[in-house]
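[1] predicted model and sequence below, questions to follow.
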Amino acid sequence: MKVLYFDCFSGISGDMVLGAFIDLGIDPVFLEKELKKLNLSGFSIEAERTMKKGIAGTRCHVILSEDGHHHRHFEDIRNIIANSTLSDEVKETALAIFMRVAVAEATVHNVPVDRVHFHEVGALDSIVDIVGAAICYHAMKPDLVYGSKINVGCGWVRCAHGLLPVPAPATAEILCNSNFEMYSKCIDGESATPTGVAILSELGTYSPTTPSFIPEKTGYGFGGKDFGILNALRIIQGRKNESQETMVVETNVDDMTGEMAGYVLEVLLQKGALDAFYTPVYMKKNRPGIHLTVLCNEKDLPVIEEIILRETSTLGIRKYPVVRTCMHRHFRTITTPLGDVTIKISEHGSIHKETPEYEDVKKLAQSSGQSLWEVLELIEKYK
Ligand SMILES: O=C([S-])c1cc(C(=O)S)c[n+]([C@@H]2O[C@H](COP(=O)(O)O)[C@@H](O)[C@H]2O)c1
Ligand code: NI
């Protein structure tokens, strides 16, 4: 499995993300060619391999010409992306990142999302950064993306409205809507921008400690400012053996309707849970409640957690790895006078079991008018 780890020791911005991806091997000519699918004029990409604080990396600039300085609302940006000839997956990722910025700006400035106004020359710059990040991400095709704690800097940043506190209001709001942790160390100024944190929170899963994987390559994307420490985003690329580790995820709830509970199990199983079930429990204040247990592969954990947090009334989750012993399974089809039936064969050492698939048995019982028992007895004769 391909892993990317965004190490945000001096924050993250759109330029830094593009620089780090290019430093990892994305061809800037390819990137610019893909970006032209937006059918927008007034920009170009300049990527320079250079040194900062003795470290080699890439500084990527979005150069805007005079006709690139337009004010745009979120609605305009959505139309530009939707009407472009970019692939559907790039469009979807770019829109999801933009949505994070737009929701944050809407909250900060108290305007509807569609009327969010992208700052100053920032509109085109943000489009290129965000769509560029989506292009690089889909070109790299990682299986897992992790992000570290984000060093946001401190002090003040000068904007059209004057001086704003660091992290800037939009940056802080995007972080509030993610589960990433921020901190400030050794940087006087703004090191994490709204675009940077929106990209990372959409693409990555927060990893409070360095994740465990085999590192293979590093890419440094430099920021434009000079701080006392190296101003770069480092992306470490590596691999992790396909984990067979199974996780158990649990939560207890006492304030959900039966309809909601049924729906959650359906969604969990559709989205990759290996198993999902409820156990009745009595909770605090003697309330009858349900204990949800989900089994899933470790790689599916972020999706499963998101479903539980979004679709149930819970405020928290417990999770732990478990070891499973699974019987090896394969299938064969037998023919009976009532029709074909799939037989599941499970084996483990000297243990051998053969079970007719329930859905087939049910179908034959319903089409023939016989009971399940009678159909099962008949199947036994033809196994
Ligand atoms: O100019 C304005 S109004 C402004 C507001 C905000 C808010 O957080 S609200 C932020 N900024 C700054 O603009 C730059 C551009 O950020 P990108 O993410 O587009 O690279 C950054 O310094 C923000 O803090 C401006
Ligand atoms: Ni703003």
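    Arrived safely, thanks for sending. Note that the structure is a prediction, hence the values are computed from the model and not measured. Ligands and ions are numbered 1, 2, ... in the order given.
[2] helix or strand: which one has the residue in the stretch 151-300 of the chain that ligand 2 sits nearest to?
    The minimum distance from the stretch 151-300 of the chain to ligand 2, using C-beta to the ion, falls at Ala170 (4.8 Å). Any C-beta I mention is one placed from the backbone N, CA and C, and that applies to glycine too. In this assignment (DSSP states H and E), Ala170 forms part of helix 169-176.
[3] show me the contact partners of that helix.
    For helix 169-176, the surrounding residues in contact (C-beta atoms under 8 Å, 6 or more residues apart in numbering) are 100-101, 103-105, 107-108, 150, 152, 167, 182, 190, 192-194, 197-198, 201.
[4] buried subset of those?
    Burial by neighbour count, 16 or more other C-beta atoms under 10 Å: within these this picks out 100-101, 103-105, 107-108, 150, 152, 167, 182, 190, 192-194, 197-198, 201.
[5] still on that earlier bit, tell me, which of the contacts of helix 169-176 make contact with ligand 2?
    Contacts with ligand 2 are made by Glu105 out of the contacts of helix 169-176, judged by C-beta under 5 Å from the ion.
[6] and the helix holding Ala170, which residues are buried?
    Pro169, Ala170, Thr171, Ala172, Glu173, Ile174, Leu175.
[7] how far does stretch 27-46 stretch from start to finish?
    End-to-end distance for stretch 27-46, by C-alpha to C-alpha, to the nearest Å: 12 Å.
[8] buried set for it?
    When burial is assessed from 16+ other C-beta under 10 Å, stretch 27-46 yields the following buried residues: Pro28, Leu31, Glu32, Glu34, Leu35, Leu38, Leu40, Phe43, Ile45.
[9] repeat for stretch 364-380
    Of the residues in stretch 364-380, those scored as buried under the neighbour-count criterion (16+ other C-beta under 10 Å) are Leu364, Ala365, Val375, Leu376, Leu378, Ile379.
[10] can you tell me the SS state at the fifth one?
    Here Leu378 takes the helix state, with states given by DSSP: H, G, I helix; E, B strand; the rest coil.
[11] next one, pLDDT for the closest residue to it other than its chain neighbours please.
    Spatial nearest neighbour of Leu378, chain neighbours left out: Thr336 (5.7 Å); criterion: C-beta to C-beta, 6 or more residues apart in numbering. Note on Thr336: pLDDT of 96.
[12] hmm, who's touching the worst-scoring helix or strand of the chain on mean pLDDT?
    Least confident helix or strand, the chain: strand 117-118 with a mean of 80, by mean pLDDT, DSSP states H and E. Residues outside strand 117-118 that contact it (C-beta under 8 Å, 6+ apart): His71, Arg72, His73, Phe74, Ile77, Val101, Glu105, His109, Val111, Ser126.
[13] what lines up beside it in the sheet?
    On the basis of DSSP bridges, the sheet neighbours of strand 117-118 come out as strand 72-73 (antiparallel).
[14] one step back: check whether the helix holding Ala170 comes near ligand 1.
    Yes: where contact is defined by C-beta under 6 Å from any ligand atom, part of helix 169-176 touches ligand 1, namely Pro169, Ala170, Thr171.
[15] next helix or strand past that helix?
    Remark: after helix 169-176, the chain's next helix or strand is strand 182-183, criterion DSSP H and E.
[16] any idea how far that next one is from the chain center?
    For strand 182-183, the separation from the chain centroid amounts to 20 Å (computed by C-alpha atoms, centre = their mean, to the nearest Å).
[17] who does the next helix or strand after that strand pair up with?
    Scanning the chain past strand 182-183 towards its C-terminal end, the next helix or strand to appear is strand 189-190 (assignment: DSSP H and E). Applying DSSP bridges, strand 189-190 is found paired with strand 153-154 (antiparallel).
[18] other SSEs contacting the helix or strand following the strand it pairs with?
    From strand 153-154 onward toward the C-terminus, using DSSP H and E, the following helix or strand is strand 156-159. Counting contacts by 3 or more C-beta pairs under 8 Å, 6 or more residues apart in numbering; DSSP states H and E, strand 156-159 packs against strand 162-165.
[19] how close does Leu175 sit to ligand 1?
    Distance from Leu175 to ligand 1, counting by C-beta to the nearest ligand atom, to the nearest Å: 11 Å.
[20] ditto for Thr314
    Taken as C-beta to the nearest ligand atom, the spacing of Thr314 relative to ligand 1 amounts to 31 Å.
[21] also Val323?
    The span separating Val323 from ligand 1 equals 45 Å under the rule C-beta to the nearest ligand atom.
[22] beta-bridge partners for the nearest residue to that residue once chain neighbours are set aside, please?
    Beyond its immediate neighbours in the sequence, the residue positioned closest to Val323 (C-beta to C-beta, 6+ apart) is Thr246, lying 7.6 Å away. With DSSP bridges as the criterion, the beta-bridge partners of Thr246 are Asn297, Val322.
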